[in-house]
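A.B. asks: 3D, please:
(3 chains)
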Amino acid sequence: MTKNAVTYDDVHIDFTWEEWNLLDQSKKTLYKDVMLETYRNLTTIGYNWEDHNIEEHCQHSRKHERHERSQTGEKTSEYTQCTTTFAYNSHLQKHERTHTREKLYECNEFVKAFGHHSHIQMHRKTHTGEKPYECNQCGKAFVYHSHLQMHKRTHTGEKPYECNQCGKAFASHSHLQMHKRTHTGEKPYECNQCGKAFAQKGNLQMHKRTHTGEKPYECIQCGKAFASKGHLQTHKKTHTGEKPYECNQCGKAFASHNYFQMHKRTHSGEKPYECNQSGKAFPSPSYLQIHKRTHTGEKPYECSHCGKAFSWMCSLRKHEKKSYCREPL
DNA sequence: AACCTGTAGGGAAAAGCCCGGG
DNA sequence: ACCCGGGCTTTTCCCTACAGGT
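C.D. replies: Have a look, this model is predicted:
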């Protein structure tokens, strides 16, 4: 693979004189380490260096003109996408990466990279496993105290953000904002194939799979594929025989939470779905839908040989099994 | 024909958590 | 070094469709 030549300026981070002086010796050493690491990593994967003496650059001597600009607060660089202004081109470049998603600082594994040098230390903790803030209830540990605080709300049930329309509360502000769309009907994510709109981006992404036929989750036992991980997990239970939902009245167990809810109604006698024609009630909307065919006369199942229609799939199957029906339509 | 049991799939909403900006 | 808010991913739950058995 041919690599373009790179220069020190392509990869280094620019500090003001004041910024550099604010760094203690350990941070200056860290900066130097990171720069050398980047240099070695790029060299390892085949980049050539147009300039040399990276080590010397890393000693970080500052130019007088930069110092002067930091004194006056003069801002000379503007980014055209969001009009934020910056005192230095280097700050502009750093900001631009948040738009372009360019990730300049790569860690040793070349797996994860960063737009901000200040987050390298945080990322390093993910490799060293350093997570000083541990949840005393579940043992889960976090890099930052604030992350632990947020996690703790999953145990305490603390939900400080309340919807002023329905009173429902949420653990985070962003979740409340999302919830509010259920009241406003705001659906900013529209499918460009069928025009259907969704309140959440992830739900649109999932919907798009119904057009593309993409089914990334495959069962390793039978090869059957699913569009969502959750549906694969439910399917897997048909192989393992896992039935986590047990009825405490009859002891019968079920793989699906959905069906378990329905089963419980056979004990309670609850039949919330009522036919408005006959008044007959059913424990699930599925049953009701099929029952309604007895009134409408709807016969959606048609024999591909003789064209005869049936209300019930099983009636069609029985019909097709009979040897006398072999004439094409 | 009608009902019951069970699985699969689409979608809405919420939960968990990561990341960028400050 | 840390907090906050936005947003991405994952999970949960509901509804519908349908297959197969009684």
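
A.B. asks: per-domain residue ranges of chain A.
C.D. replies: A:5-117, A:163-212, A:256-295, A:302-329 (automatic domain parsing).

A.B. asks: So which helix or strand of chain A has the lowest pLDDT on average?
C.D. replies: Least confident element among the helices and strands of chain A, by mean pLDDT, DSSP states H and E: helix A:64-72 (a mean of 34).

A.B. asks: ranges for the strands of the stretch 101-250 of chain A?
C.D. replies: Along the stretch 101-250 of chain A, counting by DSSP state E, counting those that start in this stretch, strands occupy A:105-106, A:113-114, A:133-134, A:141-142, A:161-162, A:169-170, A:189-190, A:197-198, A:217-218, A:225-226, A:245-246.

A.B. asks: is DNA strand B contacted by the helix or strand that comes right after the last one?
C.D. replies: Okay, so that is strand A:245-246. Later in the chain than strand A:245-246, the nearest helix or strand by DSSP states H and E is strand A:253-254. Yes - under the criterion of CB under 7 Å from any atom of the strand, DNA strand B is reached by strand A:253-254 at A:Phe254. Any C-beta I mention is one placed from the backbone N, CA and C, and that applies to glycine too.

A.B. asks: Return the list of strands paired to strand A:253-254, each annotated with direction.
C.D. replies: strand A:245-246 (antiparallel) (DSSP bridges).

A.B. asks: neighbouring contacts of the strand it pairs with?
C.D. replies: In this structure, residues lying in contact with strand A:245-246 by CB atoms under 8 Å, 6 or more residues apart in numbering are A:252-257, A:260.

A.B. asks: Please indicate which of those are buried?
C.D. replies: When these are checked for burial by 16 or more other CB atoms under 10 Å, the buried set is A:254-255, A:260.

A.B. asks: how far does stretch A:292-312 stretch from start to finish?
C.D. replies: Stretch A:292-312 has an end-to-end distance of 12 Å (CA to CA, to the nearest Å).

A.B. asks: For DNA strand C, tell me whether that stretch is touching it.
C.D. replies: Yes - shown here: stretch A:292-312 in contact with DNA strand C (CB under 7 Å from any atom of the strand) through A:300, A:312.

A.B. asks: just for chain A, where's the confidence low?
C.D. replies: Chain A contains residues with pLDDT under 70 at A:1-131, A:318, A:320-329.

A.B. asks: okay, stretch A:267-276 in PDB with CA atoms only?
C.D. replies: The C-alpha coordinates for stretch A:267-276 follow below in PDB (Å, rounded to 0.1, in the frame of the first residue of the first chain):
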ATOM      1  CA  HIS A 267     -56.300 -17.900  34.200                       C
ATOM      2  CA  SER A 268     -57.700 -14.500  34.900                       C
ATOM      3  CA  GLY A 269     -60.400 -14.900  32.200                       C
ATOM      4  CA  GLU A 270     -59.500 -11.400  31.100                       C
ATOM      5  CA  LYS A 271     -60.600 -10.900  27.500                       C
ATOM      6  CA  PRO A 272     -60.100  -7.300  26.700                       C
ATOM      7  CA  TYR A 273     -60.600  -7.500  22.900                       C
ATOM      8  CA  GLU A 274     -64.300  -7.500  22.100                       C
ATOM      9  CA  CYS A 275     -66.100  -8.000  18.800                       C
ATOM     10  CA  ASN A 276     -68.400  -5.100  18.300                       C
END
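
A.B. asks: And the contacts of that stretch?
C.D. replies: A:247, A:249-250, A:264-265, A:280-285, A:287-288, A:291-292, A:295.

A.B. asks: Could you check how far the nearest residue in space to A:Ser256 that is not next to it in sequence is from DNA strand B?
C.D. replies: If the residues on either side of it in the chain are set aside, A:Ser256 comes closest to A:Thr234, at 6.1 Å by CB to CB, 6 or more residues apart in numbering. As for A:Thr234, its distance to DNA strand B is 6 Å (criterion: CB to the nearest atom of the strand, to the nearest Å).
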